[in-house]
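Participant: Give me coordinates for this.
(one chain, ligands or ions: 2)
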Amino acid sequence: MIVILKQNPNPAQLESLIAWLEEKHIEVNKSVGTTHTILGLVGDTAAIDPDLISALGIVEDVKRVQEPYKHANVKFHPAPTVIEIGAQKIGGGSLTLIAGPCTVESEEQIVGIAKRVKAAGAAILRGGAFKPRTSPYAYQGLGEEGIALLKTARAETGLPIAAEITDSAQLPLFAEVDLIQVGARNMQNFALLNVLGKQEKPVMLMRGHCASYEEWLMSAEYIMAAGNHNVILCEGGIRSYEHTNRHMLDLAAVPMLRRLTHLPILVDPSHAAGRSWLVSEIAPAAVAAGADGLSIEVHSDPEHAVMDGPQSLDPDAFDTVAAKAKALHSFLAE
Ligand code: PEP
Ligand code: MN
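Facilitator: Numbers count the residues shown, from 1 in each chain. Ligands and ions are numbered 1, 2, ... in the order given. Below you'll find the model as predicted:
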């Protein structure tokens, strides 16, 4: 349920409304907009009579929210959420470029790539340390050492760092990571989402390969319901009958999600495309669809990359894609 307040509501009356709702074990989320303040109510609102609230002098309207996601719902929070990581503001009309290798391999590799992607305009360095692999026999990442090398790259370049978590037991190692990625396979690892909701670091939630928009938003809701509202959504492709591409990139997800949620929406063209030339072709399309940013895999020697080499752009190709994405974003903002 949402309660839309009249402009400049009497503070004493507002306080007593909130206290009355909280007595009924309803959680009240206040969202102050440019014209109106909205109270988003979470809990057993079935027992609340909307007419009773509508009759109050400070209330303009009361509406029931049918969707099962509340905190993530644009009706709860009409203004876009902007998440700050270092100097970068993610969401609200800006374009954020996240770039780096699939997996951290060595100091030379990660620092070299970090310098190049920073020069091209990337705001955040990505790099995996714990890799979610389909095969238990496949390379699993450098683990703790990978996180340490990301920190070295941050110290060298000033770029904030993003890495994927695959188990809540790893969380202490992420204490100095700036953005925690939850991968597609873990999108519905509710225990992990709950743990990430109890800390404040921003979480980038990849869409599960078989997840509907509602399931994806319900996963964001898990993190938010536990207390962490710093959630960024990232579309990285879904399963389809077409096997030419690694995954089917659903660019319609961007404008569609924009109507459903206030959270920032990024696109990862790399894991969907699976091939570097295709990444270069579809990355600008994601910007045109209105994405708040891109997460792109970049490697200085894609042919010898330990993981995801075929889809990794070399730094020169990333220069071109980043320039195109920025130009297109500025053009569309005019
Ligand atoms: C990745 O970002 O390299 C990755 C493996 O992501 P996901 O877990 O979402 O597939
Ligand atoms: Mn990868």
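
Participant: can you give me the strands for the stretch 1-150 of the chain?
Facilitator: Applying DSSP state E, counting those that start in this stretch to the stretch 1-150 of the chain gives strands spanning 2-5, 27-32, 37-42, 59-63, 83-85, 88-90, 96-100, 124-126.

Participant: wait, I meant the stretch 151-300 of the chain
Facilitator: 161-165, 179-182, 203-206, 231-235, 265-267, 293-297.

Participant: my read: residue 65 touches residue 72, true?
Facilitator: No - look at residue 65 against residue 72 with CB atoms under 8 Å: they stay out of range, at 11.0 Å. In short, each C-beta sits where N, CA and C put it, glycine included.

Participant: coming back round to it: quickly compare the strands of the stretch 151-300 of the chain and say which is most buried.
Facilitator: For the strands of the stretch 151-300 of the chain, ranked by mean neighbour count under the definition mean count of other CB atoms under 10 Å, the leader is strand 293-297 at a mean of 29.

Participant: Between strand 96-100 and the next helix or strand after that strand, find me the angle.
Facilitator: From strand 293-297 onward toward the C-terminus, using DSSP states H and E, the following helix or strand is helix 315-333. Orientation check (axes from the mean of the first three to the mean of the last three CA atoms, to 10 degrees): helix 315-333 against strand 96-100 gives 170 degrees.

Participant: what residues does helix 315-333 touch?
Facilitator: Helix 315-333 has contacts (CB atoms under 8 Å, 6 or more residues apart in numbering) with 93, 95, 97, 99, 113, 116-117, 119-122, 276, 279-280, 283-284, 287-288, 290, 294, 296, 298, 300, 313.

Participant: Just those residues: which are in helices?
Facilitator: 113, 116-117, 119-120, 276, 279-280, 283-284, 287-288 (DSSP state H).

Participant: Give the PyMOL command for selecting the buried subset of the contacts of helix 315-333.
Facilitator: One line in PyMOL is enough to select the buried ones among the contacts of helix 315-333; burial here means 16 or more other CB atoms under 10 Å:
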select buried, resi 95+97+99+113+116+117+120+122+276+279+280+283+284+287+290+294+296+298+300+313
